[in-house]
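Novice: sequence plus predicted model, see below.
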Amino acid sequence: MQILIIEDEARAANQLQTLLGSLDFEFELLEIIDSVEESVTWLQKNESPDLIFMDIQLADGLSFEIFQTVETDCPIIFTTAFDQYAIRAFKLNSIDYLLKPIQEADLSHALQKFNRSKKELTLTNKILQSFMSDLQRSKLRDGILVKDGDGFIQIRISELLYIYSEESITFGVTANKRVIIDETLDQLLPTLDPKEFFQINRGQIIAKSSIQKIDKYFNHRLKLLLPKAGEKEFVVSRQKTNAFKSWLNQ
């Protein structure tokens, strides 16, 4: 049994391997991949494995972006740390998932399902689109709680020009102020409207409405001019450039 693990947390990938071994599951691990870009490249160059374990949030974005570029008929079991509202989208679309931290009993059940019918774990474009629609509806929010002195205030998501991470602190910038958000970019991204917000690199998320100018940048990247940016640079990473252009054309 050849498997591929797409997971950006080394500890989680190692735990999954250990659990598979403890279940006497005979497998050959082909690769551990930690990004959307590397996953696309691997799937384009290699034959499909028998089974993929795929994390939702990868180093450079959501794993669903992989399917915008490549198609695979390989069965997939998703792993996720998403909350109960997002889990509803999995169940509605009969997509198999393992909630982190993965438990041996849950993994065993997923493998039994795989052995019974591989087709049940194979995603079609229709299923994936339906799932993404349900996931977005379950997670999107209008407001966000931010720190304000010794307390908190709520601001509207539509007020945000951009969000960035610096020294493990998440900042949000509006037309009037910079605020501290008590969540990581990984936690925030699934709750933002994908039509309005885009993660241009590992440390920055920008609002479409805030883009004032787009310039070509070296190494096939793009540089953005945003309001209230000061000396801060906003550069779309090379691996995100094509997806960014497609996003702007939506």
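Specialist: Yep, it's here.

Novice: phi and psi next, for the residue lying farthest from the centre of the chain.
Specialist: Centroid-distance maximum for the chain: Asp150 at 32.1 Å, with Cα atoms, centre = their mean. Phi and psi for Asp150, reported as degrees, to the nearest 10, are phi -90, psi 0.

Novice: any idea how far Leu185 is from it?
Specialist: 25 Å (Cβ to Cβ, to the nearest Å). Every residue, glycine included, has its C-beta placed from N, CA and C.

Novice: check Thr174 too.
Specialist: Distance from Thr174 to Leu185, by Cβ to Cβ: 17 Å.

Novice: export stretch 208-225 as CSV, just CAs?
Specialist: Taking C-alpha atoms only, stretch 208-225 is exported to CSV below (Å, rounded to 0.1, in the frame of the first residue of the first chain):
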residue,chain,number,x,y,z
LYS,A,208,-8.9,43.0,-2.4
SER,A,209,-10.5,46.4,-1.9
SER,A,210,-7.2,47.8,-0.4
ILE,A,211,-5.0,47.1,-3.5
GLN,A,212,-4.0,50.5,-5.0
LYS,A,213,-1.3,49.3,-7.5
ILE,A,214,0.3,46.1,-8.7
ASP,A,215,3.9,46.1,-10.0
LYS,A,216,6.1,43.3,-11.4
TYR,A,217,8.8,42.3,-8.9
PHE,A,218,12.0,40.2,-9.4
ASN,A,219,11.9,36.4,-9.4
HIS,A,220,8.4,36.4,-11.0
ARG,A,221,6.7,38.0,-8.0
LEU,A,222,4.3,40.9,-7.7
LYS,A,223,4.6,43.9,-5.4
LEU,A,224,1.5,45.6,-4.1
LEU,A,225,0.8,49.1,-3.0
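
Novice: what residues of that stretch count as buried?
Specialist: Across stretch 208-225, burial judged by 16 or more other Cβ atoms under 10 Å covers Ser210, Ile211, Arg221, Leu222, Leu224.

Novice: chain center to stretch 39-57, what's the gap?
Specialist: 15 Å (Cα atoms, centre = their mean, to the nearest Å).

Novice: so for it, what's the average pLDDT?
Specialist: For stretch 39-57, the mean per-residue pLDDT is 89.

Novice: show me what it is in contact with.
Specialist: 1-9, 12, 16, 30-31, 33, 58, 62-64, 66, 69-70, 72-82, 98, 114, 121, 186, 189-190 (Cβ atoms under 8 Å, 6 or more residues apart in numbering).

Novice: now a ChimeraX select for only the buried ones of those.
Specialist: Applying 16+ other Cβ under 10 Å to those, the buried members can be selected in ChimeraX as follows:
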select :3,4,5,6,7,8,9,12,16,30,33,58,62,63,64,66,74,75,76,77,78,79,80,82,98,114,121,186,189,190
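
Novice: sort out for me which of the contacts of stretch 39-57 are in helices.
Specialist: Ala12, Leu16, Phe114, Asp186 (DSSP state H).

Novice: pick out the most distant pair among the residues you listed.
Specialist: Comparing every pair within those by Cβ to Cβ identifies Phe114 and Asp186 as the most remote, at 27.5 Å.

Novice: which SS class is Pro101?
Specialist: The assignment at Pro101 comes out as coil when based on DSSP: H, G, I helix; E, B strand; the rest coil.

Novice: which residues does the residue positioned nearest the centre of the chain form a beta bridge with?
Specialist: Residue closest to the average C-alpha location in the chain (Cα atoms, centre = their mean): Leu62, at 2.0 Å. Bridge pairing for Leu62 (DSSP bridges) gives the partners Gln57.
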